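# What follows is a protein structure lacking sequence information:
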């Protein structure tokens with residue numbers, strides 16, 4: 001680039017040269033307008049050759065026009081054709097792209113030409129294209145004979161791709177024939193033809209493929225094709241070849257109709273070579289404890305859609321339909337696998353899929369409208385029972401077709417009256433594909449208002465009694481109760497009541513340290529009473545929990561401790577503001593069932609319920625923990641322990657430990673150690689999960705990651721009880737990634 005002295009020369013001396021000199025000059029300026037761009041020449045010495053109609057400029061030559069700039073030691077420029085020949089420390093800038101070379105011929109209007117012994121830098125994508133002979137074939141296109149391309153800086157880049165012929169189009173693709181991938185000075189990979197994206201915008205074309213090998217699938221290759229259909233729609237096709245299974249075809253279609261209306265649908269189909277119809281094949285191709293898969297056809301259709309309707313109504317549609325119980329667990333990975341699909345739906349809609357092991361999958365249509373204190377929901381739910389469909393047995397799965405719900409949020413009955421209320425109500429139509437004597441179809445209406453009267457005593461004490469009523473009406477088909485009554489219509493009425501009593505005690509401690517300016521300790525002891533009378537419900541049909549309201553007569557005590565810090569920060573404008581952070585929260589609670597005093601030895605359970613401790617710990621930036629512990633005082637043992645925590649440092653090293661115990665269900669311990677061996681460059685992790693009940697290792701994992709400015713590498717090994725897998729992913733920044741996931 002030019003120095004400050006040279007800039008001053010152009011500003012101050014040029015006018016004097018124009019006036020007093022007629023031939024050569026120390027600085028010269030000429031303006032040559034064209035239809036679109038005016039070209040300006042500045043140099044220490046300029047002459048005009050009339051025979052060839054050329055301006056010849058030497059020493060600190062600069063030609064500018066629009067977004068184009070040419071610098072060199074020597075330039076020949078034609079005012080007629082706009083062709084320029086430049087040599088010696090040549091720098092050519094076109095928009096965001098630059099070219100440095102020993103010499104070049106270029107047409108400044110068309111921005112095409114040849115470059116000798118140079119390097120082209122394309123800012124979008126950070127590409128460097130080097131070669132003995134390069135060409136600029138258009139405003140955003142380049143090629144090279146026996147050239148190289150990389151996104152790394154330096155004379156010896158960490159990686160580069162060399163080829164006999166290289167072509168690159170910004171917002172398009174790059175091509176290289178007889179391509180060799182070099183790791184610094186060592187050749188690592190050869191391809192007779194290589195194509196890579198050079199896109200900064202959505203554009204139709206091939207995406208980076210994925211290849212691998214596994215015992216179940218054999219050799220695997222996935223090649224996605226992206227289609228930019230319009231500004232608000234696109235599609236992607238995912239052909240997936242498996243030498244042991246066959247060719248799976250998957251497609252994805254996305255559309256955005258407005259900020260509130262959008263959708264995504266995906267479908268996959270595989271004519272599986274193996275069906276798993278005997279014991280040996282079941283071990284290899286079916287998940288244990290699932291029915292034999294006797295059909296080759298395997299498929300999965302999934303869709304989510306959000307739609308803004310008229311008059312403030314909104315709709316949400318979810319569809320999830322899969323061929324067999326093993327499909328989602330078999331095809332978890334890959335571009336169109338369960339994990340990728342689940343993440344895509346979560347990212348676009350904030351709603352995920354049922355777990356890959358769930359064989360009853362939810363399909364729903366929900367229409368809602370919200371007001372300030374009220375909401376209306378209209379929904380239809382269809383639970384697809386894959387097991388019943390797969391082995392052709394009776395499907396008694398309960399469906400909701402449809403349901404209308406109206407909710408009133410808690411609010412005052414009148415502005416000057418201290419009484420509050422809230423209400424839940426619904427009308428639901430239940431359906432089953434197949435019915436039994438107890439699993440029937442029918443309709444249900446339920447209304448459940450609750451009234452509250454909060455009372456505050458002074459600054460610390462709070463009392464809130466409440467009372468509610470519930471009315472429920474059923475209209476069933478072919479239901480006969482235990483007494484032989486087959487009436488279609490049934491009714492139930494009940495009430496509930498209770499109160500909450502609490503006190504708030506707090507104190508503020510002034511520290512004035514780096515940890516915190518002030519800390520508030522708040523203690524909230526509480527006592528709650530909840531009562532629901534016993535109501536005979538033996539003659540009622542059962543669809544869900546609303547149909548069997550349990551008797552309740554419980555007193556619950558609780559003690560909550562909260563520590564909150566306060567700090568003052570000053571922004572760039574000098575404005576001060578307070579920042580609060582909850583350092584520690586702990587809640588201890590336990591219920592006592594009064595029914596035990598009434599029933600005595602006939603009581604189902606002991607009077608004292610589990611003593612439950614819940615906590616969240618976040619005192620420091622690098623320390624976090626939370627957990628739940630439940631202890632049964634009657635039998636003197638823990639019924640539930642779930643504790644997890646993370647310790648980290650400012651380098652990014654971390655240790656995560658979680659312990660989970662649930663009575664009669666699970667007893668596991670998991671640890672994951674992650675470390676930045678070289679901060680922001682080299683990282684590694686090791687994880688292990690153990691089943692403490694069976695004294696065996698459930699899963700072991702380890703991996704290493706390398707992150708460089710222009711490339712990255714991830715290696716991972718997982719050892720599960722029934723499978724071992726190795727995955728790698730190489731990322732060439734600006735080019736793409738390849739490997740397995």
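Arrived safely, thanks for sending. Every value quoted in this text rests on a predicted model; they were computed, and no experiment measured them.

# Now do the helices in the stretch 251-400 of the chain.
Here the stretch 251-400 of the chain has its helices, by DSSP state H, counting those that start in this stretch, at 279-285, 327-330, 338-349, 386-391.

# pLDDT weak spots in the stretch 501-650 of the chain?
Applying pLDDT under 70 to the stretch 501-650 of the chain picks out residues 599-605.

# Same question for the stretch 101-250 of the chain.
171-172, 197-203.

# Please enumerate the helices of it.
Applying DSSP H, counting those that start in this stretch to the stretch 101-250 of the chain gives no helices.

# follow-up on the earlier one: highest mean neighbour count out of the helices of the stretch 251-400 of the chain?
Mean neighbour count (mean count of other C-beta atoms under 10 Å) peaks for helix 327-330 among the helices of the stretch 251-400 of the chain, with a mean of 21. C-betas here are computed from N, CA, C, even on glycine.

# what does that helix contact?
216, 285, 287, 298, 299, 300, 322, 338, 356, 357 (C-beta atoms under 8 Å, 6 or more residues apart in numbering).

# Return the closest of those with respect to residue 348.
Set against residue 348, the nearest of the contacts of helix 327-330 by C-beta to C-beta is residue 338 (16.1 Å).

# before we move on, the earlier item: what's the closest of the helices of the stretch 251-400 of the chain to residue 629?
Per C-beta to C-beta, nearest to residue 629 of these: helix 338-349, 30.4 Å.

# helices and strands around the closest one, which ones?
Secondary-structure packing of helix 338-349 (3 or more C-beta pairs under 8 Å, 6 or more residues apart in numbering; DSSP states H and E): strand 261-271, strand 297-308.

# and with 10 Å instead?
Applying 3 or more C-beta pairs under 10 Å, 6 or more residues apart in numbering; DSSP states H and E, one finds that helix 338-349 contacts strand 246-258, strand 261-271, strand 297-308, strand 314-322, helix 327-330.

# count of neighbours near the closest residue to residue 317 other than its chain neighbours?
Distances taken as C-beta to C-beta, 6 or more residues apart in numbering place residue 305 nearest to residue 317, at 4.3 Å, with adjacent residues excluded. Using other C-beta atoms under 10 Å, residue 305 has 18 other residues around it.

# got the contact list for residue 305?
255, 257, 261-265, 315-319, 349, 365 (C-beta atoms under 10 Å, 6 or more residues apart in numbering).

# Can you name the residues that contact residue 307?
Contacts for residue 307 (C-beta under 10 Å, 6+ apart) come out as 257, 258, 260, 261, 262, 263, 313, 314, 315, 316, 317, 367.

# In TSV, list those along with pLDDT and neighbour count.
As requested, these are exported to TSV (pLDDT from 0 to 100; neighbours: other C-beta atoms under 10 Å):
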residue	pLDDT	neighbour count
257	93	14
258	90	10
260	90	11
261	94	15
262	95	18
263	96	18
313	96	14
314	96	15
315	97	16
316	97	16
317	97	17
367	97	18
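
# any chance of the contacts of residue 305 in JSON lines, with distance to residue 329 too?
Below are these laid out as JSON lines (distance: C-beta to C-beta, whole Å):
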{"residue": "255", "distance to residue 329": "30"}
{"residue": "257", "distance to residue 329": "34"}
{"residue": "261", "distance to residue 329": "33"}
{"residue": "262", "distance to residue 329": "29"}
{"residue": "263", "distance to residue 329": "27"}
{"residue": "264", "distance to residue 329": "22"}
{"residue": "265", "distance to residue 329": "22"}
{"residue": "315", "distance to residue 329": "31"}
{"residue": "316", "distance to residue 329": "27"}
{"residue": "317", "distance to residue 329": "25"}
{"residue": "318", "distance to residue 329": "20"}
{"residue": "319", "distance to residue 329": "20"}
{"residue": "349", "distance to residue 329": "23"}
{"residue": "365", "distance to residue 329": "27"}
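
# picking up where we left off before, nearest to residue 117 among the contacts of residue 307?
Once C-beta to C-beta is applied, the member of those that ends up nearest residue 117 is residue 262, at 51.0 Å.

# Hmm, the closest one is touching residue 255, no?
Yes: using C-beta atoms under 10 Å, residue 262 is in contact with residue 255, at 6.6 Å.

# Give the intersection of the neighbour lists for these two.
By C-beta under 10 Å, 6+ apart, the residues touching both residue 262 and residue 255 are 232, 305.

# how many neighbours does residue 593 have?
For residue 593, using other C-beta under 10 Å, the count is 20.

# Next: residue 710.
Using other C-beta under 10 Å: residue 710 sits among 20 other residues.

# Spit out the contact partners of it.
Residue 710 neighbours (C-beta under 10 Å, 6+ apart): 126, 128, 150-154, 157-160, 731-735.

# thinking again about what came up before, any chance of the contacts of helix 327-330 in CSV with distance to residue 398 as columns?
Compiled in CSV, those are given as follows (distance: C-beta to C-beta, whole Å):
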residue, distance to residue 398
216, 35
285, 32
287, 25
298, 27
299, 25
300, 24
322, 20
338, 25
356, 23
357, 20
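
# which of those residues lies closest to residue 383?
residue 322 (13.0 Å).

# need the contacts of residue 307 in JSON lines with distance to residue 450, can you?
Below are the contacts of residue 307 laid out as JSON lines (distance: C-beta to C-beta, whole Å):
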{"residue": "257", "distance to residue 450": "40"}
{"residue": "258", "distance to residue 450": "38"}
{"residue": "260", "distance to residue 450": "33"}
{"residue": "261", "distance to residue 450": "36"}
{"residue": "262", "distance to residue 450": "37"}
{"residue": "263", "distance to residue 450": "38"}
{"residue": "313", "distance to residue 450": "27"}
{"residue": "314", "distance to residue 450": "27"}
{"residue": "315", "distance to residue 450": "30"}
{"residue": "316", "distance to residue 450": "28"}
{"residue": "317", "distance to residue 450": "32"}
{"residue": "367", "distance to residue 450": "26"}
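
# can you give me the strands for the stretch 101-250 of the chain?
112-122, 127-138, 141-150, 159-169, 172-183, 186-198, 205-206, 210-214, 218-222, 225-230, 233-242, 246-258 (DSSP state E, counting those that start in this stretch).

# what sits against the residue lying closest to residue 609 once chain neighbours are set aside?
Using C-beta to C-beta, 6+ apart and skipping the chain neighbours, the partner closest in space to residue 609 is residue 591 (3.9 Å). By C-beta under 10 Å, 6+ apart, residue 591 lies in contact with 528, 530, 552, 554-558, 607-612.

# Mind doing that once more with 8 Å?
554, 555, 556, 608, 609 are the contacts of residue 591 under C-beta under 8 Å, 6+ apart.

# same thing with residue 90?
Applying C-beta under 8 Å, 6+ apart, we find residue 90 in contact with 70, 71, 72, 99, 100, 101, 102, 103, 104, 118.

# Check residue 149 too.
By C-beta under 8 Å, 6+ apart, the contact set of residue 149 is 127, 128, 129, 130, 160, 161, 163, 166, 168, 174, 176.

# Could you dump these into CSV with neighbour count and distance to residue 94 added?
Converted to CSV, those look like this (neighbours: other C-beta atoms under 10 Å; distance: C-beta to C-beta, whole Å):
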residue, neighbour count, distance to residue 94
127, 21, 14
128, 19, 15
129, 24, 14
130, 23, 17
160, 22, 23
161, 21, 23
163, 23, 23
166, 25, 18
168, 24, 14
174, 26, 18
176, 25, 22
